[in-house]
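Enquirer: Sequence unavailable; structure follows:
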């Protein structure tokens, strides 16, 4: 084994997780368009090539099924289409043993079939449900499953656990296997959840398997970058593998400072470059420093804003939804007035009282939704022993079909007084007002949770409303904007568009407005206990931005990093969150 180490001299702007962006020698991907046959429900016969899907709808894989005529549906659905393999692929497929099929994402878990054969699964289905939303899908189809003289049937079984659902990819790509693909490899790191602490050995453990019945020589390339793509190191290791040999090698590296880092790993063989496997790792996240940049009038601004909310009569109205109230809790549609006299809505679950004479008071959960999420209902038998209010802030959720704000994150960006999130943050407080007003709720036992935008909302609500007993944000949004926009394409792209349309405005003026709504500037006001869930592979709300806020919280706090999660958390997070809420609310 020979290792050659060199430092990169220029940044290579590559994004995504576990995806291939390196041009292959003499290999061109076949791009399959986004039109698929589609049906709700679950039937394994749908994988078969001769299954009759002529009565199915045709929808696009570029967006979720809710926006294409299948609203409010969570559960299983199937996609089917035909794929014809080009004649130019045939010799390489036969020589190297198959094809590689990729698509960008599925919400939340999926299984891929080719001509009736199950090829693989990403995530898992009930009863062992696990979301893998945000992860690139890659499946290798053996040559013996492929038809060269007729169209092939590709089928995808998708399970959505809540919110939007579906196959989410603008196109699907197909290409022949190459010699580099015949060396299977994976990468692991010895640190817990791939997050290194000080003085722990820093290395990647690369496992390789030669699937060929002959000895091969190949190279492993390991590249290390900061989370904003600045190059740190490149390590090339020559490897010799005998026929069908399995081998694990250690690739040591040095992380220069606390933070999160991008790793890229690929195989080079016979002039072909294999798929680039990408992942993120962490180093001492609680030592990431991102000081508050709040303006001198920050506190005054929020006091005035809160007074504006308090001056608005809420005018709560509840409407029972009988068909959703068949279990332990009644489900209501709720309307109310919030900051600026804007009407907002939500869905409320109230435990059914066993005795009208001696009504019981229950703890309550305020649930804050993700950016642009479709509205969803609390389950009549969900969260036993809790009242629950799922808030739709202005223009989102229930109100999204009539949204008048356009792209929420840049609406009203001309000033802090008009910016969208001024009113939206007050909507969070109004939700706590609502729960506190309910006779069945113990107002001293209100907790809050949410993911993504909902995670940011949870932190903001805990900062702005001392009535919240505990908070459980996951993959929180809206923090540390200056660093955030150096790490991800979106939401910076929305601000680029805004500035293009407002040539008189500058980035510094935009950042000045955003500083009033940057969750890290609110974090120091949080007094209640906090737990935070982090997806280490998250390129939507990167871990760096999660910890920018978390590290400024001075109250009791704990975090859980999940190395195999992107913009999501696993079932174990919800178990942790439930135990946390039960402990803080003293709920058995």
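Expert: Yep, that arrived. Predicted, not measured: the structure shown is a model, and the values here were computed from it. Numbering: from 1, shown residues only.
Enquirer: Next secondary structure after the helix ranked longest in the chain?
Expert: Of all the segments of type helix in the chain, defined by DSSP state H, the longest one is helix 420-437. Beyond helix 420-437 in the direction of the C-terminus, DSSP states H and E gives the next helix or strand as strand 441-451.
Enquirer: contacts for that following strand?
Expert: Strand 441-451 has contacts (Cβ atoms under 8 Å, 6 or more residues apart in numbering) with 361-370, 387, 432, 435-436, 456-458, 461-462, 467-476, 533, 568-569, 577, 581, 584-587. Where you see a C-beta, it was placed from the backbone N, CA and C, and this is true even at glycine.
Enquirer: and if we set it to 7 Å?
Expert: Applying Cβ atoms under 7 Å, 6 or more residues apart in numbering, the set of residues contacting strand 441-451 from outside is 361-370, 387, 432, 435-436, 457-458, 461-462, 467-475, 577, 581, 584-585.
Enquirer: Report the buried residues of stretch 158-171.
Expert: Of all the residues in stretch 158-171, those buried under the rule 16 or more other Cβ atoms under 10 Å are 158, 159, 160, 161, 163, 164, 165, 166, 167, 168, 169.
Enquirer: meant to ask about stretch 206-225
Expert: For stretch 206-225, the buried set under the neighbour-count rule, 16+ other Cβ under 10 Å, comprises 206, 208, 210, 212, 216, 218-225.
Enquirer: Surely residue 197 and residue 284 touch.
Expert: Yes. Taking contact to mean Cβ atoms under 7 Å, the distance of 6.2 Å between residue 197 and residue 284 places them in contact.
Enquirer: These two: which has the busier surroundings?
Expert: Looking at residue 197 and residue 284 with other Cβ atoms under 10 Å, you find the greater number of neighbours at residue 284, namely 16 against 13.
Enquirer: How about the contacts made by that one?
Expert: For residue 284, the residues meeting the contact criterion (Cβ under 7 Å, 6+ apart) are 197, 198, 258.
Enquirer: Next, it: phi, psi?
Expert: In this entry, residue 284 is assigned phi and psi values of phi 50, psi 60 (degrees, to the nearest 10).
Enquirer: for the one 10 residues further on, same thing?
Expert: Comment: the main-chain dihedrals of residue 294 come out as phi -60, psi 140, following degrees, to the nearest 10.
Enquirer: thinking it is in contact with residue 522, fair?
Expert: No. Counting by Cβ under 7 Å, residue 294 sits too far from residue 522 to count as a contact (8.5 Å).
Enquirer: more neighbours, those two?
Expert: A direct count of neighbours by other Cβ under 10 Å for residue 294 and residue 522 places residue 522 higher, at 27 against 17.
Enquirer: Tell me the secondary structure of the more buried one, please.
Expert: Counting by DSSP: H, G, I helix; E, B strand; the rest coil, the backbone at residue 522 sits in helix.
Enquirer: pLDDT score assigned to it?
Expert: According to the model's per-residue confidence, residue 522 sits at a pLDDT of 98.
Enquirer: Who's the closest spatial neighbour of it, skipping the chain neighbours?
Expert: Closest residue in space to residue 522, ignoring its immediate chain neighbours: residue 463 at 3.8 Å, by Cβ to Cβ, 6 or more residues apart in numbering.
Enquirer: swap in residue 49?
Expert: If the residues on either side of it in the chain are set aside, residue 49 comes closest to residue 153, at 4.1 Å by Cβ to Cβ, 6+ apart.
Enquirer: Next one: that neighbour relative to residue 83, how far apart?
Expert: With the distance defined as Cβ to Cβ, to the nearest Å, residue 153 ends up 8 Å from residue 83.
Enquirer: try residue 241
Expert: 32 Å.
Enquirer: any low-confidence regions in the stretch 351-500 of the chain?
Expert: Applying pLDDT under 70 to the stretch 351-500 of the chain picks out no residues at all.
Enquirer: where do the helices sit along it?
Expert: Taking DSSP state H, counting those that start in this stretch as the test, the helices found in the stretch 351-500 of the chain are 420-437, 453-464, 481-487, 492-501.
Enquirer: Just name the most buried of those.
Expert: helix 453-464 (a mean of 28; mean count of other Cβ atoms under 10 Å).
Enquirer: Average pLDDT for stretch 49-69, rounded please.
Expert: With pLDDT averaged residue by residue, stretch 49-69 scores 96.
Enquirer: Report pLDDT for residue 20.
Expert: With respect to pLDDT, residue 20 has a value of 32.
Enquirer: circling back to that earlier point, quick one: least confident of the contacts of residue 284?
Expert: Checking pLDDT across the contacts of residue 284, the minimum falls on residue 198 at 91.
Enquirer: Spatially, which residue comes closest to it, not counting chain neighbours?
Expert: On the basis of Cβ to Cβ, 6+ apart, the spatially nearest residue to residue 198 that is not a chain neighbour turns out to be residue 284, at 5.9 Å.
Enquirer: Give me the pLDDT for residue 537.
Expert: At residue 537, the model reports a pLDDT of 96.
Enquirer: Relative to residue 281, how far out is it?
Expert: Shown here: residue 537 relative to residue 281, a distance of 10 Å by Cβ to Cβ.
Enquirer: more neighbours, the two?
Expert: Ranked by neighbour count (other Cβ under 10 Å), residue 537 and residue 281 place residue 281 first, with 26 against 23.
Enquirer: Can you report phi and psi for that one?
Expert: Torsion angles at residue 281 (phi, psi; degrees, to the nearest 10) stand at phi -130, psi 170.
Enquirer: surely it meets residue 263?
Expert: Yes. The criterion here is Cβ under 7 Å, and residue 281 meets it with residue 263 at 6.0 Å.
Enquirer: Walk me through the domains of the protein.
Expert: Domain segmentation of the chain under automatic domain parsing yields 2-20+180-287, 30-177, 298-585.
Enquirer: how many neighbours does residue 71 have?
Expert: For residue 71, the number of neighbouring residues by other Cβ under 10 Å comes to 12.
Enquirer: again with residue 119
Expert: Under the neighbour criterion other Cβ under 10 Å, residue 119 is assigned a count of 18.
Enquirer: again with residue 129
Expert: Neighbourhood size, residue 129 [other Cβ under 10 Å]: 14.
Enquirer: how close does residue 287 get to residue 233?
Expert: With the distance defined as Cβ to Cβ, residue 287 ends up 21 Å from residue 233.
Enquirer: more neighbours, the two?
Expert: Counted by other Cβ under 10 Å, residue 287 and residue 233 do not tie: residue 233 has more neighbours, with 17 against 13.
Enquirer: Quick check: bridge partners of the more buried one?
Expert: residue 224 (DSSP bridges).
Enquirer: Can you give me the pLDDT of it?
Expert: You'll see residue 233 listed with a pLDDT of 97.
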